[in-house]
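Asker: Got a predicted model here, sequence first, then my questions.
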Amino acid sequence: MTTELSRTVGRRLSVPAKHIGLVLIGFVMLYPVLWMVVSSLRPGDEIFRSPGLILESLHAENYTEGWYALSPSFGTYLLNSAVLVLGCIVGNLVSCSMAAYAFARLHFSGKRWWFGIMLGTIMLPVHVIIVPQYVLFSQIGWVNTFLPLIVPKILATDAFFVFLMVQFIRGLPRELDEAARIDGCGHPRIFAQIILPLMKPALATTTIFTFIWTWNDFFTQLIYLTDPDMYTVPVALRSFVDSTVATSWGSQFAMSVVSIIPIFLAFLIGQRYLVKGIATTGGK
């Protein structure tokens, strides 16, 4: 009796302890973001004085100063990032879904080999292919445009999303395809009217990941975009750091806060579809 009572008490005490531990871990993980938000409201000479989260004085002018600190204004960089993200999302959704349908439903010579080669490209780091890509795009005059960043998406170069959608389509009953084929549907109609509407979780997952990865991408955008009018948000944030003059940390933190708002909203809105898409694609 005493043993059972002690076990019950131990279980009841362990639940609050786990919750407290998770809250502490979550606070440690969120602390840099919270500190950046607080620092965006501090005067420049107070930012690095204390690592705390308590504001001694409010300096909201950092947002106004940061918005107009660069030429053009920060709104132009947000618009450039939005255009680039939209192009990449559309390219990935169209091309990766079509490639995934081909691998999951069509029969053609060497399909397994091509699928294996496609998966092998996931292991290639971007630094290996960036030089030949830059030489190619430079020769056709695409440098300092969004085309080197969007056109590869239209060609289904993101093997991760192709694999994710292939796994999802393989989980759909083939009886749906057979019933549509009996009604006279070919592969284009089966894909557009049967498979594609059922792929909403996988498409939502692709959209969210593409949005976050493209919005945060710094390296490739820095390589291809050299005109300040074409800068995206990550490249523009780097422009706040200048080795020749004092860096306006308050303005940079303020614009960093502005830049993470779209990511936060995208994840908040699409979290349900993101979890469902990953769970369903991992079933096979």
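Answerer: Yes, it's here.
Asker: SS state for the residue nearest to Leu34 when sequence neighbours are not counted?
Answerer: Spatially, and ignoring its direct neighbours in sequence, Leu34 is nearest to Leu53 (5.8 Å; Cβ to Cβ, 6 or more residues apart in numbering). (Each C-beta comes from the backbone N, C-alpha and C, glycine too.) Recorded secondary structure, Leu53: coil (DSSP: H, G, I helix; E, B strand; the rest coil).
Asker: Please apply the same query to the one 5 residues further on.
Answerer: Using three-state DSSP, the structure places Leu58 in coil.
Asker: doesn't Val38 make contact with it?
Answerer: No: the pair Leu58 / Val38 is not scored as a contact, 10.3 Å apart, by Cβ atoms under 8 Å.
Asker: Compare the two (neighbour count), which wins?
Answerer: Between Leu58 and Val38, Val38 has the larger neighbour count (other Cβ atoms under 10 Å), namely 17 against 9.
Asker: Apart from its chain neighbours, what residue comes closest to the more buried one?
Answerer: Val38 sits nearest to Leu53 (Cβ to Cβ, 6+ apart), 5.1 Å away.
Asker: give me the number of residues near that neighbour?
Answerer: If we define neighbours as other Cβ under 10 Å, then Leu53 has 11 of them.
Asker: Tell me the spacing between the residue nearest to Leu34 and Met36.
Answerer: 11 Å (Cβ to Cβ, to the nearest Å).
Asker: mind showing which ranges of the stretch 101-250 of the chain have poor pLDDT?
Answerer: The stretch 101-250 of the chain contains residues with pLDDT under 70 at 242-246.
Asker: can you pull the contacts of the residue most central in space within the chain?
Answerer: Geometric centre of the chain, nearest residue: Ile212, 1.9 Å, by Cα atoms, centre = their mean. Shown in contact with Ile212 (Cβ atoms under 8 Å, 6 or more residues apart in numbering): Ile263, Ala266, Phe267.
Asker: any chance of those residues in CSV, plus distance to Leu24 and pLDDT?
Answerer: Shown next, in CSV, are the contacts of Ile212 (distance: Cβ to Cβ, whole Å; pLDDT from 0 to 100):
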residue, distance to Leu24, pLDDT
Ile263, 25, 90
Ala266, 27, 86
Phe267, 23, 83
